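[1] Here is a sequence together with a model predicted from it:
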Amino acid sequence: MGIFSKKAPPVPYVITFGANFSSSISTAYQQKAQSITIDFPQELMRDIDEAISGHGGVENILYDHEMQFLDVVGEAQHQEDLLEILRADEADSIEWELEREGSDWYAGFLMPEPYNQFDQNAVKVLLINPDREVNEFYIVQVGYLAREQAKKVHKKVIGLLDQGKVIPVLLKIIGGTPEKPSVGVVARAKTKAVKF
């Protein structure tokens with residue numbers, strides 16, 4: 001008679017977004033982690049949001065008034081999340097139909113993804129969705145930098161992030177109308193630290 005044993009479910013390997021990010025990711029892959037979870041510290045998300053909304057630098061947020069175009073791709077994979085943010089903006093604004101096109105402007109940031117199975121130079125574009133009522137920030141992926149742009153900046157973004165320095169991004173969701181039902185993202189890096 002055989003003995004049956006159930007394998008315990010894999011324990012998620014938790015990596016904190018910030019300093020030493022790439023070495024933590026590397027360790028997780030070396031240990032063949034079955035599940036990796038990224039923790040985005042609320043204080044850091046608040047700092048990025050404040051740097052963008054306050055038009056000024058906050059420690060370790062590499063903010064500058066200069067705006068550099070980011071070529072974001074892959075929004076089609078995130079339509080549901082983007083539409084949800086767009087609808088929340090619409091519900092909060094009486095002037096939506098008359099004066100506004102697209103969402104409010106949001107803060108965001110870049111996160112390298114060195115172990116992406118399709119592109120080792122992949123860089124995620126993430127939006128910070130604030131819930132002011134509970135004073136918390138939620139992270140929503142909106143896409144990736146286009147392949148050529150990501151290849152150009154991937155190592156620089158990793159190097160800065162390993163020092164605890166974050167590239168802030170200004171984002172706006174567009175579309176979601178009867179004329180243009182699919183949703184896209186306009187994104188600008190607010191930094192001089194990296195040349196896109």
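    Good, I have the coordinates.

[2] alpha carbons only for contacts and neighbour counts from here, please
    Will do.

[3] Looking at the nearest residue to V123 once chain neighbours are set aside now. What's its pLDDT?
    Spatial nearest neighbour of V123, excluding adjacent residues (Cα to Cα, 6 or more residues apart in numbering): P112 at 4.2 Å. For P112, the pLDDT comes out at 96.

[4] For P112, which residues are in contact?
    The contact partners of P112, taken as Cα atoms under 8 Å, 6 or more residues apart in numbering, are 121-124, 154, 157-158.

[5] May I see the buried residues of stretch 32-41?
    I36 (16 or more other Cα atoms under 10 Å).

[6] Off-centre distance for that stretch?
    Mean C-alpha position of stretch 32-41 versus that of the full chain (Cα atoms, centre = their mean, to the nearest Å) differs by 15 Å.

[7] and the end-to-end length of that stretch?
    Using Cα to Cα, to the nearest Å, the end-to-end distance of stretch 32-41 comes out at 24 Å.

[8] what mean pLDDT would you report for that stretch?
    So the average pLDDT for stretch 32-41 ends up being 89.

[9] what does stretch 140-147 give?
    97.

[10] tell me which element A33 falls in.
    Using DSSP states H and E, no element contains A33; it sits outside every helix and strand.

[11] In contact with it, which residues are there?
    Contacts of A33 (Cα under 8 Å, 6+ apart): 12-13.

[12] If we ignore the residues flanking it in sequence, what's nearest D131?
    Per Cα to Cα, 6+ apart, closest to D131 is F137, 6.0 Å.

[13] ok so, going back, now render the contacts of P112 as TSV, adding neighbour count.
    Putting the contacts of P112 into TSV (neighbours: other Cα atoms under 10 Å) gives the following:
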residue	neighbour count
N121	21
A122	24
V123	27
K124	21
H154	21
V157	20
I158	25
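
[14] need those in TSV with pLDDT, secondary structure and distance to G176, can you?
    Formatted as TSV, the contacts of P112 follow (pLDDT from 0 to 100; DSSP: H, G, I helix; E, B strand; the rest coil; distance: Cα to Cα, whole Å):
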residue	pLDDT	secondary structure	distance to G176
N121	97	coil	30
A122	97	coil	27
V123	98	strand	25
K124	98	strand	22
H154	96	helix	31
V157	97	helix	31
I158	96	helix	33
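
[15] okay if I get the residues you listed as TSV plus distance to Q34?
    What follows is the contacts of P112, written out as TSV (distance: Cα to Cα, whole Å):
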residue	distance to Q34
N121	21
A122	20
V123	21
K124	21
H154	24
V157	26
I158	23
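
[16] Can you pick out the most distant pair from those?
    Spanning the widest gap among the contacts of P112 are K124 and I158, at 11.9 Å by Cα to Cα.

[17] Show me which helix or strand of this structure is least confident by mean pLDDT.
    helix 96-99 (a mean of 44; mean pLDDT, DSSP states H and E).

[18] bridging residues for the residue nearest to the spatial centre of the chain?
    Centroid check for the chain by Cα atoms, centre = their mean gives L126 as the closest residue, at 1.3 Å. On the basis of DSSP bridges, L126 is bridged to F109, Q141.
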